[in-house]
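K.L.:
structure, please.
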Amino acid sequence: MTVTVQTSVTPARLREFFHASSIALVGASDTSGWARNVFESLRTAGFEGGFVPVHPRHPTAFGIETRPSLCDLDQAVDLAFVLVPTDAVESVIHDAAVTGVRNLVILAAGFGEQGESGRQLERKIVNRASEHDIVLLGPNGLGFINAPARVAPYGLNIAPPLIAGSIGVVLQSGALASAVLGFARGHAIGLSLLISMGNEAMITTADVIEYLIEDPATNVIALFLEEIRQPARFAALAQRALERGKPVVAVKVGRSPAGQRTALAHTGAVAGDDAVVDAALRQFGIIRVRSLEELLVTAGLLSVSPPLEGRRMGVVTASGGACDIIADRAHDEGIEIPEFAEHTVAALKDVLPPFTNAQNPVDATGYGLAHQASAARPITGALEAVTHDPNVDFVLYTGITVPATQPPDPLPVEQRLDAQAALIEASPIPVLSALTTCSEVGDYARSVLLPRRISLLAGLDLGMTAIGHALRWQERRRAPRARATLPHLASAPEWLRHRPAGVWSESVARDLLGEAGVPVVPGELVHSVERAVLAAERLGYPVVLKVCGPSIGHKSDIGGVALNLSSATSVQDAYKRLPSTDGVLVATMRSGGHELLAGVTVDATFGPVLAVGLGGIWVETLRDIALRVLPIERADALEMLEELRAAPLLHGARGGEAVNLESVADVLVRVADAAAMLGPSLEALEVNPLWCNARQVEALDVLIVTREA
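P.N.:
Numbers count the residues shown, from 1 in each chain. Take a look at the predicted model:
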């Protein structure tokens, strides 16, 4: 639970927190596994600052003299790791205030995660800390690891070596930290910070993201999210990270609670909670991944690779099978494997064995690796040739091999690595080195790869996925963002304030769309068969009749719609068959063109969300939907239309009529404005179908459902 507090958790304050030069361990005891873990984690990280164990009864801990309480310190420490029971935390905060300790990590559980009584206790300790300008991490958290600064007050065991790098990892789960550290170590991926957030009672995930954006030691931000708190701030920070060139990669698990959606609207059925999360993260420029492995491999690639400026990939391997795997995965990721230029082919023929083909992907065969004459191996020569090919933007290379253990004579291996590292460094385009499978690198491999700044993608499958993510992120960052030329509407009409909650009559819903500037198909509300005929003659045949009135959702379910009426007689007959309601809407019948759905529902986390897709009968059949969190600009609306699988139809595929997408995008922005007019009373607004062709865009049917604000 997040509590509003007086203490300002700024990046500057967190820098002090994460760079503590003196640490007290409150509750330190040789018999405590937690205390032993914290002490050993500090040792593994190479912590060189002051360390003071604190315990009221044990005179020593880990061979070091203890102090009975924080009040007995000779001087304040920068940070205290608190291991006391839940009911003793408040007294430790009091002692910290007396001594001048400004930063605490609270391990104890039994707070906000335990129901209302725990939430009350959590509010109490946060308020007490805030009164004394003390910053808390937790409670119910494991601490943090700042690898470059060698500060690791952390409650789980850290297996050495701890590899410093430029990836900041934020975990809304404590126990997963060991798995993250193990995978990072096994694949020589370096971290700048790893933090277990606990209950986020004071320091929140958003606070840490903001710190990492400002942190010069961090180039990539990796998140494990169970929920997205402070969504507006989260979105703003994602935009700032994108502008700063710091990729944010995230695993988002679980499904958010169902939003306040009406079952009467199709939009709620097709815009599921996780689909909204997926669309929102993509909209914010965040790379969403499926697993911890994908998280770390993607973040690892982004942390060490120069920008990938294009999708044309050269491939140099020692296996035909690897070439096949890479080609298939490249197709999955939309990566091109182009033909080489003539001079590259000639250079390859000079270095490859005669029984190989000088083509992309390059298969140097096992001979290419077995030929061990220094750096002059065929696979190395092939790499040098491919890096100078004008048709290639980057190279995927699988020629880095290191034995599992140090050989009796390591000189040839290390000389070869020196030559390969120099070649990769001198390459005019990025070279991405990869293992064929997701195998761990051993101690010897780490010892020779890290000093040479050689990074190996963890297998071809995860590696290609990471490359695809990196390319999409670069493209997102480079894409120009056109601003909307339409002014957003500032206020709602006065009559909206008096509308009752529930399903609106369509005639009133049409009025709201008109206020927002959404073009609506011509129509008239009538209350007699005679008026219906007169309206039809004014509008021009054919027409459609639809019953109107509050609480009517799907009119067709009650026999409340009559289509394609082309004469006065057909209008009279149809009117008499309609169920009795508050009125009948007579509207012009449209044919041809394309039918879209444009609907807004309210997500529990992100608020109003616009869904666009094929409308009419295709909505729930094809589920071809693009989503955006509101507000949007015209550029967002155009992107949504292009994302649809049906986009070729809108462009006039197979001789069909192309739709004026600019006009459709303008109307989508207006639909979003109409939803915004409803404010907190919005439950659902749906235009289905939104009819369009090369010249027109019109709302043919609209459903609005509101709730008590």
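K.L.:
I would like the residues contacting stretch 273-285, please.
P.N.:
Where contact means Cβ atoms under 8 Å, 6 or more residues apart in numbering, the residues beyond stretch 273-285 that reach it are 228, 231, 234-235, 238-239, 241-242, 248, 250, 252, 255-259, 287-288, 473, 476-477, 603-606, 609, 625-629, 636. The way it works is simple: take the backbone N, C-alpha and C, and place the C-beta from them, glycine included.
K.L.:
ok, of the residues you listed, which come out buried?
P.N.:
Neighbour-count burial (16 or more other Cβ atoms under 10 Å) applied to the contacts of stretch 273-285 gives 228, 231, 234-235, 238, 241-242, 248, 250, 252, 256, 259, 287-288, 473, 476, 603, 605-606, 609, 625-629, 636.
K.L.:
tell me which of those fall in helices.
P.N.:
Counting by DSSP state H, these place 231, 234, 235, 238, 241, 242, 473, 476, 636 in helices.
K.L.:
closest one to residue 96 out of the residues you listed, please.
P.N.:
Lowest distance from residue 96 to those (Cβ to Cβ) belongs to residue 234, with 30.1 Å.
K.L.:
surely the closest one and residue 206 touch.
P.N.:
Yes: contact criterion Cβ atoms under 8 Å: residue 234 and residue 206 qualify, at 5.7 Å.
K.L.:
got the phi and psi for the residue lying closest to residue 119 once chain neighbours are set aside?
P.N.:
The spatially closest residue to residue 119, leaving aside those adjacent along the chain, is residue 112, at 4.8 Å (Cβ to Cβ, 6 or more residues apart in numbering). Main-chain dihedrals, residue 112, degrees, to the nearest 10: phi -60, psi -20.
K.L.:
got the contact list for residue 112?
P.N.:
With Cβ under 8 Å, 6+ apart, residue 112 has these contacts: 1, 118, 119, 122, 139, 140, 199, 201.
K.L.:
retrieve the pLDDT associated with the fifth one.
P.N.:
Just to be clear, that refers to residue 139. Looking at residue 139, its pLDDT is 96.
K.L.:
quick check: it vs residue 109, distance?
P.N.:
7 Å (Cβ to Cβ, to the nearest Å).
K.L.:
also the third one?
P.N.:
Residue 119 sits 13 Å away from residue 109, going by Cβ to Cβ.
K.L.:
anything in contact with each of residue 139 and residue 109?
P.N.:
With Cβ under 8 Å, 6+ apart as the test, residue 139 and residue 109 both reach residue 86.
K.L.:
what about those two, which has more around it?
P.N.:
residue 139 (28 against 17; other Cβ atoms under 10 Å).
K.L.:
nearest spatial neighbour of that one, skipping sequence neighbours?
P.N.:
residue 106 (3.9 Å).
K.L.:
next one: phi and psi at the one you found?
P.N.:
The phi/psi pair for residue 106 (degrees, to the nearest 10) reads phi -110, psi 110.
K.L.:
pLDDT score for it?
P.N.:
So, for residue 106, pLDDT stands at 97.
K.L.:
for beta bridges, what are the partners of it?
P.N.:
When assigned by DSSP bridges, residue 106 has beta-bridge partners residue 82.
K.L.:
enumerate every residue touching it.
P.N.:
Contacts of residue 106 (Cβ under 8 Å, 6+ apart): 82, 89, 125, 136, 137, 138, 139, 140, 141, 198.
K.L.:
same thing but 7 Å
P.N.:
Each residue near residue 106 by Cβ atoms under 7 Å, 6 or more residues apart in numbering is listed here: 82, 89, 136, 137, 138, 139, 141.
K.L.:
just put those residues in a markdown table and tack on distance to residue 549 and secondary structure.
P.N.:
Converted to a markdown table, the contacts of residue 106 look like this (distance: Cβ to Cβ, whole Å; DSSP: H, G, I helix; E, B strand; the rest coil):
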| residue | distance to residue 549 | secondary structure |
| --- | --- | --- |
| 82 | 63 | strand |
| 89 | 59 | helix |
| 136 | 56 | strand |
| 137 | 57 | strand |
| 138 | 55 | coil |
| 139 | 55 | coil |
| 141 | 55 | coil |
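K.L.:
mind putting the residues you listed into TSV with distance to residue 546?
P.N.:
Listed next are those as TSV, based on distance: Cβ to Cβ, whole Å:
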residue	distance to residue 546
82	66
89	63
136	59
137	59
138	58
139	58
141	57
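K.L.:
out of those, flag the one nearest to residue 497.
P.N.:
Using Cβ to Cβ, these come closest to residue 497 at residue 136, 43.5 Å.
K.L.:
checking the closest residue to that closest one other than its chain neighbours next. Helix, strand or coil?
P.N.:
Of all residues not flanking residue 136 in the chain, residue 202 sits nearest, at 4.3 Å (Cβ to Cβ, 6+ apart). Assigned by DSSP: H, G, I helix; E, B strand; the rest coil, the conformation of residue 202 is coil.
K.L.:
cool, the one 4 residues further on as well?
P.N.:
Each residue gets one of three states, and residue 206 gets helix by three-state DSSP.
K.L.:
mind listing what it touches?
P.N.:
230, 233, 234, 237.
K.L.:
what helices or strands is the strand or helix carrying residue 598 leaning on?
P.N.:
Assessed by DSSP states H and E, residue 598 sits inside strand 594-603. Here strand 594-603 touches helix 266-270, strand 607-614, helix 661-677, strand 682-692, going by 3 or more Cβ pairs under 7 Å, 6 or more residues apart in numbering; DSSP states H and E.
K.L.:
save these as CSV, and put in distance to residue 23 and mean pLDDT too.
P.N.:
Below are the helices and strands packed on strand 594-603 laid out as CSV (distance: least, Cβ to Cβ, whole Å; pLDDT from 0 to 100):
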stretch, distance to residue 23, mean pLDDT
helix 266-270, 51, 50
strand 607-614, 41, 93
helix 661-677, 50, 96
strand 682-692, 50, 95
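K.L.:
out of these, the one nearest residue 26 is which?
P.N.:
strand 607-614 (41.6 Å).
K.L.:
contacting residues around that closest one?
P.N.:
By Cβ under 7 Å, 6+ apart, the list of residues contacting strand 607-614 reads 267, 270-271, 276, 596-603, 619, 622, 624-630, 632, 640-641, 644, 646, 668, 672, 675, 682.
K.L.:
next one: stretch 82-97
P.N.:
So stretch 82-97 is contacted by 25-27, 32, 34-35, 69-71, 80, 104-111, 124-125, 128-129, 132, 134, 139 (Cβ under 7 Å, 6+ apart).
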